[in-house]
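Chemist: Quick one, fold the following:
(chains A, B, C and D)
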Amino acid sequence: MELQFNADEIAFREEVRAFIADNLTEEMKQGMLRGGYLIRDHVIEWQRILNKKGWGVPHWPVEWGGAGWSPIKQSIFTEELQLAPAPRPLSFSVYMVGPVIIEFGSECQKKRFLPRIANSDDWWCQGFSEPDAGSDLASLKTNARHEGDYYIVNGQKTWTSYAQYADWIFCLVRTDPTVKKQMGISFLLIDMKTPGITVRPIQTIDGGHEVNEVFFDNVKVPSENLVGEENKGWDYAKFLLSAERVNLARLGVSKERLQRARELAARTPYQGRPLLEHDGFRTKLAALEVELKALEITQLRVLSAEGQSHGVPDPASSILKVKGSELQQATSNLLVQILGPDALRRQDDAFDDWSSMITANYFNWRKVSIFGGSNEIQKTIIAKSILGL
Amino acid sequence: MELQFNADEIAFREEVRAFIADNLTEEMKQGMLRGGYLIRDHVIEWQRILNKKGWGVPHWPVEWGGAGWSPIKQSIFTEELQLAPAPRPLSFSVYMVGPVIIEFGSECQKKRFLPRIANSDDWWCQGFSEPDAGSDLASLKTNARHEGDYYIVNGQKTWTSYAQYADWIFCLVRTDPTVKKQMGISFLLIDMKTPGITVRPIQTIDGGHEVNEVFFDNVKVPSENLVGEENKGWDYAKFLLSAERVNLARLGVSKERLQRARELAARTPYQGRPLLEHDGFRTKLAALEVELKALEITQLRVLSAEGQSHGVPDPASSILKVKGSELQQATSNLLVQILGPDALRRQDDAFDDWSSMITANYFNWRKVSIFGGSNEIQKTIIAKSILGL
Amino acid sequence: MQDSLMRLLQRSYAFDHRWKYEAATPGWSREIWAQFAEIGLLALPFTSENGGLDGTPVDTMIVMEQLGRHITLEPYLSTIVMAGGILRRAASTEQHESISTKVIDGSLIVSLAHTERGTFGSPSRVGTQAVRSGDLWQISGHKSCVLHGDSADLLIISARTSGAPSDAKGITLFAVDPRATNINIQSYALHDGQRASDIQINSVLVPHSALIGCVDDGFRILQSAEYETLAAVCAEAVGVMSELHQMTVDYLKQRKQFGVPIGNFQALQHRAADMYIALEQARSMAMYAAMMSQADDKTAIAQAVSSAKVQIGRSAKLIGEEAVQMFGGIGVTMEFKAGHYFKKLTLLEQFLGHADHHLELLTSGPGLFELE
Amino acid sequence: MQDSLMRLLQRSYAFDHRWKYEAATPGWSREIWAQFAEIGLLALPFTSENGGLDGTPVDTMIVMEQLGRHITLEPYLSTIVMAGGILRRAASTEQHESISTKVIDGSLIVSLAHTERGTFGSPSRVGTQAVRSGDLWQISGHKSCVLHGDSADLLIISARTSGAPSDAKGITLFAVDPRATNINIQSYALHDGQRASDIQINSVLVPHSALIGCVDDGFRILQSAEYETLAAVCAEAVGVMSELHQMTVDYLKQRKQFGVPIGNFQALQHRAADMYIALEQARSMAMYAAMMSQADDKTAIAQAVSSAKVQIGRSAKLIGEEAVQMFGGIGVTMEFKAGHYFKKLTLLEQFLGHADHHLELLTSGPGLFELE
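Modeler: Now for the predicted structure:
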């Protein structure tokens, strides 16, 4: 096993860096620095730039536009994008629904949707969570009744990120209420322009609008939009939830935050000299760097193991999710601590420097240990799948 | 509510301090400083000195030798003993079996046992835990069969502290195996000289001998040694477990440890100057002091509340046990950290200074969050009794 | 008064009321403020000599905890505790008559303008200058994060009248009308919805009678009022934490996942118990700070309030973050209460110095247990 | 070799074997040592030129992890890694022939005597003096905690030959026969059962040929060997943690309370998961330290081993303390395995600098992520 990049990987990293330097606009970069939110136009534009280069969906099979990279290279690519920072790819499209269609979709669905996903022609959102089904996802209630060539969908989804921009939503719906809860679920692709769909924004405590409620009132969905088999949706969902392997730890994001912390502490006076010169602060910084370095190696180990087992996800990847989210939160809190009294100001006021977003970001990032399988769920996975408890 | 001592309490503290200064021998003090273990002769001698003064069992009713002090004064008294440090009283005698006999024992038992307990004429040990009943105490199996004027006891107890010195043991035994586990338990007083009792030492990882296994092989116990009613033992045990209120937090012990930490750090060089002068170390010390101060106030609050409710224990006292044990362990670990490379040496070698006991003490004190109702049990008590979960 | 306050808040400070108060100018409720005056809340800490009720720091503690439970928006801390603390310590008889009386009857909002940007950790660093010429003082400088600066009828401004930029001696306090020309107020909301202002003071002239306390002697007064404020902030945080913890426990009982209330899961039970321990430890230290803020020994006060702020910071972070985690998604939504309590705790943690800062202060003092 | 070692340890290093080895002189098993020699373990890190197997730090890591899993008592770390590290870096051809060859065949135990009391945090502080007179050097001083000093056939002693007491330059290494008159060895057990010695050196005379490396150049060699040793200690700790974690998980499955295995309780499940995360993070850093210890850049090596030691210290404390807590009473008894693993972890945490010390070292370096 190699825990350092080899010459080929270093050359690849240089290539990625050079491409980003040449193509990422200052406006996109500033957009990322200022907020944690996706900016619709930037995401689309950047995805198209990458796609043109052949890097839009590098993790997909080559026949559908993939780059044929090793997991390590994919991780280098992701980390460099995060470090830049470049607009994040829309994971619901390229990491979630794309791979599900590739694996389980019909030939017709593949031809219809995949090229448009790769080029960001369609914006996808995810209809999984419901108000009464949080960590217990399988207890979802939104139902789809088969009538002729259509499914009639009724119910409500929540925590739907960026539904306000979405052209399509992929949904888990209950198609058989009479069987065990995991057994009666199907996976539907729904055009957001279909009558009967209402999107209601949910404002988060940082003042942002990222998530939404989506209501379905007798929404007619053509049967051809069913992915795979009816009542097999839970299997596809499990595949999807374990599919976004290379980006669980979000190392580049935390590294970029620590870099900012150094910069900010260097220009923040405390007791008459820069905070960065204080031993106590340097100790906190060093302690976080050690944990992050450890996670970086752990990620390389998980990726190497997956490289050898042809992509079967390692349950150890739950470590990446737990530790990765803890470090994102710890680094965002470190920035708040650096600001000290300046952390009190709300973002929507006159201070447009990125540092004014720090507290809002800390608030918003409480979500990273909640969404996408809470850390409690991850620890239960470790206890059961790895430790056999 | 008063969170500071009043003039009367301060005068009382001075009186206790003066008495300790006049009566505690240097040998006793050094014995306490060197080890965490009770030294039999010191415990007995010191108990008699206190008893002569009328302070042997200050928390008992005045008619049986109590001092009639408020909970606050009792706590001052305990803390001063810990700070001195003076030999710890034998809690199995004065805090456990004594109060049970006072509350539930026959007149004859009171007259026979209480004065001897107060004067340390008998050494008592506790027969509660069994190998297969740890936190689940009520599942104990040691049984007592009533035959004529005797109970015939068979079974095994474990974690019996200082059984090697004991004249008597108070035991929970199963007298009715046919009912719900809590219902068939009785509380017996057993003379350790009775034939059929075997004591086997258990060595702990610090190399010490404090706890034992005690085996009962057809041990004949006179019926008059039953406390209260048959099959009501569980109630008496619950009373006993909640009886040692003033000493749960062991504040004096942790304070004394922090005082030692200051002294030791002042004479331990690190990077060429005393460790105590390093900011990093002072920060750790200050952080522990803050927690300990908070616990001190919390204890005063609990004691004041109990003073008003005439001794009914507050479930909040579980905080005292949890935080108190955490702080005893944290301070013992701080001392290990100060020693650094000198922490490696085992105690039984040429270094007779108390600092050679530090690592052994850290090992031994892992027990304080396990014994006497583990911290897990305490948290469950808080969750259920206080929070209603 | 405690009961009146509790009833008043229960009646008029439900979560949807709070939204309304925050949305309208001045960002809090003048009606509530009038009721505060009515039940004597504004008079509480002032001496009876000056029309007050001779309340102790413990009385303030009890009030602040109540206010914290409803995360109120009114300028109680800034006007009554902080600016009021300055007045109680240094105002002349005339100033008590002209200022304190109106504060007590609710007709005058006063804010302290002391902090400047980039001075964290250096409380005596004052860049604002005041120069005397005859009977007038000319003040120039910039103040930052003045609580409720936009609703203040009077500002108490600290300015350097002698000495080097960080000297403790040489700071003087002035009562200044914020409507003076040459005062520019830029206001904004804090994360908890409270208002604050940055204030530019360009050669403002005030008479000598505007001095509060003696020339060059302001720092002693500021520091002493800051200790009182810190104790009050600790109490407020305890109120916020108590309420948030209770909300969380209620939610654990009611929210079902996998067919049972999530409060049945032992991992969450034990974490809720840890939160409770943190809450009670914080409560103890808030009490300690309140009691000690009457002590004679300045070092003892400083140590007490710093150690309280350390404990409050630690407990607030644990309780705030754990509560949001246990609420899950709704914990981070604007329309739900819990997230606002979490934000308030985050703010209180940073206000007047976070835990690391106060720990740093403690390391330079004697130990907390230097034998009593 | 890894398989041979694993089989050997499984066969001959059960817990009751270990007790026997510890109880008898010299406190470890010469028989096991001979078998180590036989399977090539003692030759592993030496170059083939000197009769070794050209093993890399990663090979040492794998061995140390195995040894850690059985908390072995033999002087592998002290003789092969630590003293061997000095020989590999600085021994002359003659010394390799006379010393390394015998180390490799198992007939010579070598210990490094460098540390002195009260020098923690000042690794170049050497009070032991060596003065040259003609072809002889006269050495005097006191060394502390020399691992396996009582079974050593040869000591490598560091002594100051020039410069001030803490100068990096001016330290020289000498190969000294411990049976020399004027050497007084006082031996004792460490908490994990390993033996160590304090050594008094009173005007011992050695010839110039006893020098290992050049005059005044010892510190560079010591430091470099110490980095190698630190990486090995991290690997050993990972072995100890792995085994202890596995024992704990097995116990959780088997121990019943309240009628069910305690591993059914969610609070314990989540804590066991936290231990697992800590273990894997530690494993990652042990690997990192091993790989980086071959780097060219000294600063990079120093940062890597220090950051590994920080992570190992944190993980070891969590896993050790949590394991004992979960085992309950039997976790603190001498007759049961788990407590000994906890003690071993405590020792490894303190050995060659605890986490706080290495964190302190890291604060003075550049960041770990200075852009690659």
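
Chemist: Nearest residue to the residue nearest in space to the middle of chain C in space, please, no chain neighbours.
Modeler: Ranked by distance to the mean C-alpha position of chain C (CA atoms, centre = their mean), the top residue is residue C:77 at 4.4 Å. Once flanking residues are discounted, residue C:77 sits nearest to residue C:232: 6.1 Å by CB to CB, 6 or more residues apart in numbering or on different chains. No exception for glycine: its C-beta is placed from N, CA and C like everyone else's.

Chemist: Who are the contact partners of that neighbour?
Modeler: By CB atoms under 8 Å, 6 or more residues apart in numbering or on different chains, the contact list for residue C:232 reads C:57, C:60-61, C:64, C:77, C:81.

Chemist: on that earlier part again, how much space between the residue nearest to the centre of chain C and residue C:297?
Modeler: Per CB to CB, to the nearest Å, residue C:77 is found 25 Å from residue C:297.

Chemist: And for the closest residue to residue C:239 other than its chain neighbours, the neighbour number?
Modeler: Nearest non-adjacent residue to residue C:239, counting by CB to CB, 6+ apart: residue C:68, 2.4 Å away. Counted with other CB atoms under 10 Å in any protein chain shown, residues neighbouring residue C:68 total 28.

Chemist: repeat for residue A:197
Modeler: Look at residue A:197: counted by other CB under 10 Å, it has 18 neighbours.

Chemist: Show the pLDDT at it.
Modeler: pLDDT, residue A:197: 98.

Chemist: surely it meets residue A:212?
Modeler: No - contact criterion CB atoms under 8 Å: residue A:197 and residue A:212 do not qualify, at 11.0 Å.

Chemist: Excluding chain neighbours, what is closest to the residue of the stretch 51-200 of chain C found nearest chain D?
Modeler: Closest approach between the stretch 51-200 of chain C and chain D, counting by CB to the nearest CB: residue C:121, at 18.7 Å. Nearest residue to residue C:121, sequence neighbours excluded (CB to CB, 6+ apart): residue A:271, at 3.8 Å.

Chemist: tell me, how many neighbours does that neighbour end up with?
Modeler: By other CB under 10 Å, 17 other residues sit near residue A:271.

Chemist: Residue C:254 too?
Modeler: Residues near residue C:254, counting by other CB under 10 Å: 10.

Chemist: Can you tell me the closest non-neighbouring residue to it?
Modeler: Closest residue to residue C:254 apart from its sequence neighbours, by CB to CB, 6+ apart: residue C:261 at 6.7 Å.

Chemist: quick one: contacts for that neighbour?
Modeler: C:252-255.

Chemist: Give the bridge partners for it, please.
Modeler: Beta-bridge partners recorded for residue C:261 (DSSP bridges): residue C:256.

Chemist: residue ranges for the helices of chain C, please.
Modeler: With DSSP state H, the ranges of helices along chain C come out as C:2-12, C:15-23, C:30-38, C:57-69, C:84-90, C:93-95, C:101-104, C:218-254, C:266-292, C:298-327, C:337-350, C:355-363.

Chemist: Equivalent analysis for the stretch 51-200 of chain A, please.
Modeler: For the stretch 51-200 of chain A, helices defined by DSSP state H, counting those that start in this stretch occupy the ranges A:71-83, A:91, A:98-104, A:107-118.

Chemist: How about the residues of the stretch 51-200 of chain C by chain A?
Modeler: C:115, C:117-122, C:125, C:144-145, C:166, C:186, C:188-191, C:196 (CB under 8 Å from any CB of the partner chain).

Chemist: if we can go back for a sec, for the residue nearest to residue C:121, give its distance to residue A:278.
Modeler: From residue A:271 across to residue A:278, the span is 8 Å (CB to CB).

Chemist: about what we covered before: tell me the predicted confidence for the residue nearest to residue C:254.
Modeler: 94.

Chemist: and what of residue A:349?
Modeler: Note on residue A:349: pLDDT of 50.

Chemist: now the helix or strand bottoming out on mean pLDDT in chain C, how far from the centre of its chain.
Modeler: Least confident helix or strand of chain C, by mean pLDDT, DSSP states H and E, is strand C:256-257 with a mean of 88. In terms of CA atoms, centre = their mean, to the nearest Å, the centre of strand C:256-257 is found 39 Å from the chain centre.

Chemist: near chain D, which residues of the stretch 201-350 of chain A?
Modeler: Close to chain D, as judged by CB under 8 Å from any CB, the stretch 201-350 of chain A has residues A:255, A:258-259, A:262, A:279, A:282-283, A:285-287, A:289-298, A:301, A:316, A:319, A:322-323.

Chemist: Just the buried residues out of the residues you listed, in PyMOL syntax.
Modeler: Here is the PyMOL selection string for the buried members of these, based on 16 or more other CB atoms under 10 Å in any protein chain shown:
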select buried, chain A and resi 255+258+259+262+282+283+285+286+287+289+290+291+292+293+294+295+296+297+298+301+316+319+322+323
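
Chemist: Can you flag which of the residues of the stretch 201-350 of chain A next to chain D belong to helices?
Modeler: Counting by DSSP H, these place A:255, A:258-259, A:262, A:279, A:282-283, A:285-287, A:289-298, A:301, A:319, A:322-323 in helices.

Chemist: Might you name the residue of the stretch 1-150 of chain C sitting closest to chain A?
Modeler: Of the residues in the stretch 1-150 of chain C, the one nearest chain A is residue C:121, at a distance of 3.8 Å by CB to the nearest CB.

Chemist: Equivalent analysis for the stretch 151-300 of chain C, please.
Modeler: Using CB to the nearest CB, the single residue of the stretch 151-300 of chain C nearest to chain A is residue C:188, 3.6 Å away.

Chemist: Tell me where the stretch 151-300 of chain A has strands.
Modeler: Here the stretch 151-300 of chain A has its strands, by DSSP state E, counting those that start in this stretch, at A:168-174, A:185-191, A:197-203, A:209-222, A:269-270, A:273-274.

Chemist: my read: residue A:374 touches residue C:328, true?
Modeler: Yes - if you go by CB under 8 Å, residue A:374 and residue C:328 touch, sitting 6.9 Å apart.

Chemist: Please parse chain A into its domains.
Modeler: The record's domain split for chain A, according to automatic domain parsing, is A:7-89, A:124-234, A:248-386.

Chemist: Quick one, grab the pLDDT at residue 278.
Modeler: Here I'm looking at chain A. Residue A:278 is assigned 95 on the pLDDT scale.

Chemist: My question was about chain C, not that one.
Modeler: We note a pLDDT of 98 for residue C:278 in this prediction.

Chemist: Count the neighbours of the closest residue to residue A:103 other than its chain neighbours for me.
Modeler: Spatially, and ignoring its direct neighbours in sequence, residue A:103 is nearest to residue A:239 (6.3 Å; CB to CB, 6+ apart). Using other CB under 10 Å, residue A:239 has 16 other residues around it.

Chemist: Could you do residue C:164 as well?
Modeler: Residue C:164: 10 surrounding residues under other CB under 10 Å.

Chemist: check contacts around it.
Modeler: For residue C:164, the contacting residues are residue C:170, by CB under 8 Å, 6+ apart.

Chemist: ok, back up a step: look up how far residue D:175 lies from the residue of the stretch 151-300 of chain C closest to chain A.
Modeler: 73 Å.
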